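> Mind folding the following:
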Amino acid sequence: MSIALNTSTCSPNERLVCWHELINQHHISVESGPLSPVAAMNAPDFVGVGQIDEWASMQVLKSRTSAVTYTHGVGQLRSASHDDFICMLVIAGAGVFEINGSKRDFGQGDLLFYDSLQLYTLYFPQGTTTITLRIPRPMILSRVPQADGQMALRMEAERPMVRVMSGLLKGIAELDGYPDPAHCREAEAPILDVLCLAVRESYGETRRASPGQGRLLSRIKSDLIHHLGESELSIRHIAEMYDVSPRTLNRLFSAEGTTVMRWVWEQRLLASYRALSDGSVRQVTEAAYVFGFKDVSHFTRAFKREFQLAPSSLLTF
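Residues are numbered from 1 along each chain as shown. Presented below is the predicted three-dimensional model:
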C-alpha cells in the first residue's frame with residue numbers, strides 16, 4: 001500500500017509544519033528545527049511531495065522538498081515507535097548531518113547510514129530529493145553487529161559498493177508498482193547484503209591497527225575510563241585530547257569492530273551496571289548522571305536493551 005505525502009492541500013503558512021507531521025506519522029519521529037533566515041522567510045512557499053511504500057519488512061520513502069531541517073532530539077527518542085536504521089540516498093541537493101558531536105557535509109550521490117537511536121539533525125538549506133530506506137534493527141545487526149548503538153556514516157558517492165547500492169535504490173524508486181509481497185521479501189536479503197557491504201567498505205572493517213596505533217588505542221581507552229561521567233564527551237573532543245583527527249580516531253576503533261562513541265557508550269553501561277549491583281550508587285537517576293547520561297529514560301532503555309533487565313532490579317536496599 002502506498003501513502004502519498006503532499007503539502008499542497010495545506011494553507012501556505014502551515015505547509016512546513018504539515019510536512020513534519022506527515023513524516024512523524026508515517027515515517028520517523030522528527031521535529032521542525034531552526035531554518036536559515038532565508039529558508040524561514042520562504043517557509044510559506046514550502047513544497048513537500050513524497051510517497052511511502054512498504055517493501056516487505058522495510059519502508060521506502062521517496063521525497064522532494066524545499067529547504068528543510070529534521071531534528072531527532074530527546075523528545076523523539078522517548079516517543080519513537082521505531083528504533084530502526086536509516087539509509088538515505090541524496091539524489092539532489094546537499095546539506096549537513098550533525099550527530100555524535102560532529103558535523104558532516106554531504107552532497108549529491110552520497111549515502112547516509114545511521115542508527116535512529118541517536119540525537120541528530122539533518123540540514124537541507126537549498127532543498128533536496130532523497131530516497132530513504134527504513135530498516136528493522138535486527139536485519140542490520142545480524143549482518144553488521146558493530147552497527148548497534150552509535151553508528152553514523154556518510155558514504156561517499158564514488159565508492160564502488162555505494163554506487164551499487166545507489167543503483168538499487170534508484171531502481172526501486174522508479175518502479176511503477178512493487179512486486180508481490182513474497183517476491184519483495186525474497187529480494188530483501190540481497191538488497192541488505194549490498195547495503196552492508198557498502199557499510200563495511202566505508203566503515204573500514206578490514207583495516208587493522210599497526211603496533212604504534214595499538215599502543216595509542218590502549219592509552220586512549222585507559223584514559224577514557226576516567227572521563228565516562230563527562231556527558232559532553234564527543235569524537236571531536238576526544239580527538240583533540242590526543243592531537244589526532246576524528247577520522248584517525250575512528251580508524252583506531254574500527255580496527256576492533258566498533259566506534260569510539262559506541263565503545264564509550266558500552267563502558268558507561270558496564271560501569272553503571274557495576275555501580276548499581278555493588279551499591280556504589282543508590283538510585284537509577286544517580287547511575288545515569290554519574291556515568292554521563294543526560295536523559296534517565298534513554299539510559300533505562302539502553303540498559304534494558306544491553307542487559308535484558310531494568311536497572312532498578314539491581315538496586316540494593
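> Quick one: end-to-end length of stretch 126-142, please.
Using Cα to Cα, to the nearest Å, one end of stretch 126-142 lies 37 Å from the other.
> Tell me which residues are up against that stretch.
27-28, 55, 57-68, 82-95, 147-148, 169-170, 172-173, 188, 192, 195-196 (Cβ atoms under 8 Å, 6 or more residues apart in numbering). In this view, the C-beta of every residue, glycine as well, is placed from N, C-alpha and C.
> Let's see that with 6 Å instead.
Residues outside stretch 126-142 that contact it (Cβ atoms under 6 Å, 6 or more residues apart in numbering) are 57-67, 83-93, 147-148, 169, 173, 192.
> so how far is the helix or strand hosting His183 from its chain's centroid?
Using DSSP states H and E, His183 sits within helix 181-203. Taking Cα atoms, centre = their mean, to the nearest Å, one finds helix 181-203 lying 18 Å from the centre of the chain it belongs to.
> Can you name the next helix or strand after that helix?
On the C-terminal side of helix 181-203, the nearest following helix or strand under DSSP H and E is helix 211-224.
> what's whichever helix or strand comes after that next one packed up against?
Counting by DSSP H and E, the next helix or strand C-terminal to helix 211-224 is helix 235-241. If contacts are counted by 3 or more Cβ pairs under 6 Å, 6 or more residues apart in numbering; DSSP states H and E, helix 235-241 sits against helix 246-254.
> The same query, at a cut-off of 8 Å, please.
Judged by 3 or more Cβ pairs under 8 Å, 6 or more residues apart in numbering; DSSP states H and E, the packing partners of helix 235-241 are helix 211-224, helix 246-254, helix 260-277.
> and the last one with helix 211-224, angle?
Note on geometry: by axes from the mean of the first three to the mean of the last three Cα atoms, to 10 degrees, helix 260-277 and helix 211-224 are set 40 degrees apart in direction.
> Give me the residues contacting the helix or strand following helix 260-277.
Note on helix 260-277: by DSSP H and E, the next helix or strand toward the C-terminus is helix 284-290. Outside helix 284-290, the residues within contact range by Cβ under 8 Å, 6+ apart are 229, 231, 272, 275-276, 281, 295-296, 299-300, 311-312, 315.
> Only C-alpha atoms, please: export helix 284-290 in PDB.
Output of helix 284-290 as PDB, limited to C-alpha atoms (Å, rounded to 0.1, in the frame of the first residue of the first chain):
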ATOM      1  CA  VAL A 284      18.900   4.800  38.900                       C
ATOM      2  CA  THR A 285      18.900   8.600  38.300                       C
ATOM      3  CA  GLU A 286      22.300   8.800  40.100                       C
ATOM      4  CA  ALA A 287      23.700   6.000  38.000                       C
ATOM      5  CA  ALA A 288      22.600   7.700  34.800                       C
ATOM      6  CA  TYR A 289      24.100  11.100  35.700                       C
ATOM      7  CA  VAL A 290      27.300   9.800  37.300                       C
END
